[in-house]
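A.B. asks: Fold the stuff below for me.
(chains A and B)
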Amino acid sequence: MAESLPGRAATAVVARRKRPLSQRLLPYLLSMPALLVCIGILVPFGTAIFYSLQRFRLSQPWARKMNWGENYLNFLTDPSFWNTLKVSLVYAGTTVVLELLLGLGIALLLQRRTRLNNLISIMLLMPLMTAPALAALMWKLMTNVNFGVLSWLASLVGLEEFQWASAPSSALFTVVLVDIWVYTPFIMILLLAGLRSLPRQPFEAAELDGVPRWFVFRRITLPMLTPYIITAALFRLLDSIQQFDIIYAMTQGGPGDTLTVFQVEAYLDFFQSTNVGRSAALLMILWAITYVLSSLFIKHWLKLRERAAGGIA
Amino acid sequence: MTRQSPLERILRGIALTLVVAFFMFPILWIFLMSFQTNETILRMPPSLDFAPTLSNYKALITGKLVSNAGTLDIAFMGNLGNSVLLSVFSVAVALLLGVPAAYAFARHKFKGSEDIAFTLLSFKFAPPLLVLLPLTLYFQKIGLANTYVGLIWVYQLICLPLILWIVRGYFEDISPDIEYAHRIAGNSWWSTFRKIAIPLARPGIAAAALLAFIFAWNNFVFALVLASADKQPVTVGALAFVTASGIQYGQIAAAIMLSIAPTLALALFAQRYLVEGLSLGAVKG
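C.D. replies: Model (predicted):
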């Protein structure tokens, strides 16, 4: 044994100061209740995996049996699955890109800490505090073809026959608009906080040197803000690919299958077609997508937190 | 900041006006609609010339909808009560379970603690229906279907991860030295937690609790799947109300206003906490 003397002394100290059992168990005891509640949630999760591998229709309980990967294999040739995948990706992509652009623009407008800017940023919190399902109802009232104020505004610019959420051609546009209304403020808040926490020196130096503003934005502001933009984008993407409330409250996935995104389609499968197996398999695929996105998000977010705590600013 | 040219100031003003108009108009319009009868709501073109009436709110609060076809009972106040009950109790339970666990995760790096914390957080990001659909079948078997207890338990899926992660961040930012000093002075672990750790993390706990309340209040899908009419919160109730009342647009508007008023009030009075919570501790502004 070539253990050095100081090393052995240290071990001895640790051994003497080994804490009593109750002390060592404390963290487990503290987190136990929270864990138990969550295990109650893990059980249905396991059940969902099981269902997804079964032929299981609530209307035909006698025909229930394991069919292993059949539900998943069927998706390959199922046009309505590909429609679901397409609509979900288009919805998530469009909302996140538009909300990022708009949110960044508004954050830049509100960057200076003036009283008016603070007032406006409080006002912009309000759509975010509105329940998405209720927001959809509000927009439904405003886009009613008979008396909606937005239908009237559309007719003023020559769109007399604009049907908003009731026509397949404009349904996606309408729900994306509601999503933008609700969630742009979230991105704005995160980016505004990011902008205001940036170090001042590079900007002061650039101003002294007379660097053009567009150049400052592209070469200083944007690169320094990128971690915030990535975090916000991943978080929204994670949320948006699972959107249910706005779409269900607005059109229940319709008209036809125009807006049957993952969760809406799974809900309809379960409650209308009572096809539990297909519904569970759909949700498992969505879960796989969100799992990848959420690991990415958590990684970026922890980095951001470390930076904020490290006091670079 | 560089000085702005007059043209730039005008453009900036126009942009800000458009932003405020877009984001505030729907709330303002529905607010105005809630004080009108169908007669003025259905006018084309829409106009702001109307005599405000409280009849919509009165019908909702008394629970009686009087129409040409007779009177109809409205359960909307019951929905409002359910929302209050579900949100308040869910947050209370989540605080009770979540704050000690957050403290454990922050102070004691025990074996597997990071994995457990990560798993708990990933629940927040999993598709809710994945858990809800099997639960509907389970709840019927174990008698939790359509009960407040069952709903509050499932609401932990929203509240618990939020509280755990935000409060943990706050505990981590507090230096443990003060707690050690208190312990060395002969105080128990419990008194240290209660008298030192919790008061120091109070802003974080407040931010997390507020945010959890808002998310619980605004939740739609949990109750849509698991609750029937008498247990439903406003989000689901309002949707059912739209179908039931058909064309009573003023009352729908009033119901929406009553449903969003609590969270909007929080936005106004507690925005500092909310902004901190919303950025999930990512930004210390």
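A.B. asks: all helices for the stretch 51-200 of chain B, in order.
C.D. replies: With DSSP state H, counting those that start in this stretch as the criterion, the stretch 51-200 of chain B has helices at B:55-62, B:76-107, B:113-125, B:128-142, B:148-173, B:177-184, B:189-192, B:198-200.
A.B. asks: Can you pull out the low-pLDDT segments for the stretch 1-150 of chain A?
C.D. replies: A:1-19 (pLDDT under 70).
A.B. asks: Quick check: chain neighbours aside, which residue is closest to residue 130?
C.D. replies: I went with chain A, as the question did not name one. B:I260 (5.0 Å; C-beta to C-beta, 6 or more residues apart in numbering or on different chains). For glycine as for every other residue, the C-beta is placed from the backbone atoms N, C-alpha and C.
A.B. asks: try again with chain B
C.D. replies: Distances taken as C-beta to C-beta, 6+ apart place A:L283 nearest to B:L130, at 4.3 Å, with adjacent residues excluded.
A.B. asks: show me the contacts for that neighbour.
C.D. replies: A:48, A:52, A:262-263, A:266, B:127, B:129-130, B:133 (C-beta atoms under 8 Å, 6 or more residues apart in numbering or on different chains).
A.B. asks: at 6 Å instead, please
C.D. replies: Applying C-beta atoms under 6 Å, 6 or more residues apart in numbering or on different chains to A:L283 gives the contacts A:266, B:127, B:129-130.
A.B. asks: In CSV, list these along with pLDDT, distance to A:R305 and neighbour count.
C.D. replies: Shown next, in CSV, are those (pLDDT from 0 to 100; distance: C-beta to C-beta, whole Å; neighbours: other C-beta atoms under 10 Å in any protein chain shown):
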residue, pLDDT, distance to A:R305, neighbour count
A:A266, 92, 33, 29
B:P127, 90, 26, 24
B:L129, 92, 30, 28
B:L130, 90, 28, 26
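A.B. asks: Show me which of the residues you listed is closest to A:L296.
C.D. replies: Using C-beta to C-beta, B:P127 comes nearest to A:L296 of the contacts of A:L283, at 16.8 Å.
A.B. asks: That closest one and A:L286 touch, don't they?
C.D. replies: Yes: with contact defined as C-beta atoms under 6 Å, B:P127 reaches A:L286; the gap is 4.9 Å.
A.B. asks: quick revisit: can you lay out the helices of the stretch 51-200 of chain B as CSV showing distance to A:L150?
C.D. replies: Formatted as CSV, the helices of the stretch 51-200 of chain B follow (distance: least, C-beta to C-beta, whole Å):
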stretch, distance to A:L150
helix B:55-62, 21
helix B:76-107, 25
helix B:113-125, 33
helix B:128-142, 30
helix B:148-173, 32
helix B:177-184, 56
helix B:189-192, 58
helix B:198-200, 49
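A.B. asks: Return the member of the ones you listed having the minimum mean pLDDT.
C.D. replies: Set side by side, the helices of the stretch 51-200 of chain B give their lowest mean pLDDT on helix B:113-125, at a mean of 73.
A.B. asks: For B:A117, see how far away the most centrally placed residue in chain B is.
C.D. replies: Closest to where the C-alpha atoms of chain B average out (C-alpha atoms, centre = their mean) is B:I214, at 1.5 Å. Distance of B:I214 to B:A117, given as C-beta to C-beta, to the nearest Å: 23 Å.
A.B. asks: Check A:D209 too.
C.D. replies: From A:D209 across to B:A117, the span is 46 Å (C-beta to C-beta).
A.B. asks: who's more crowded, the two?
C.D. replies: More crowded of A:D209 and B:A117, by other C-beta atoms under 10 Å in any protein chain shown: B:A117, with 21 against 8.
A.B. asks: Now do the one helix or strand the residue nearest to B:L130 maps to: distance to the chain's middle.
C.D. replies: Secondary structure from DSSP states H and E places A:L283 in helix A:276-310. Distance of helix A:276-310 from the chain centroid (C-alpha atoms, centre = their mean, to the nearest Å) equals 9 Å.
A.B. asks: tally of neighbours for the residue nearest to the residue nearest to the centre of chain B when sequence neighbours are not counted?
C.D. replies: The shortest distance from B:I214 to any non-neighbouring residue, by C-beta to C-beta, 6+ apart, is to B:T263 (5.1 Å). B:T263: 23 surrounding residues under other C-beta under 10 Å.
A.B. asks: Next: B:S34.
C.D. replies: For B:S34, the count of nearby residues is 24 (other C-beta under 10 Å).
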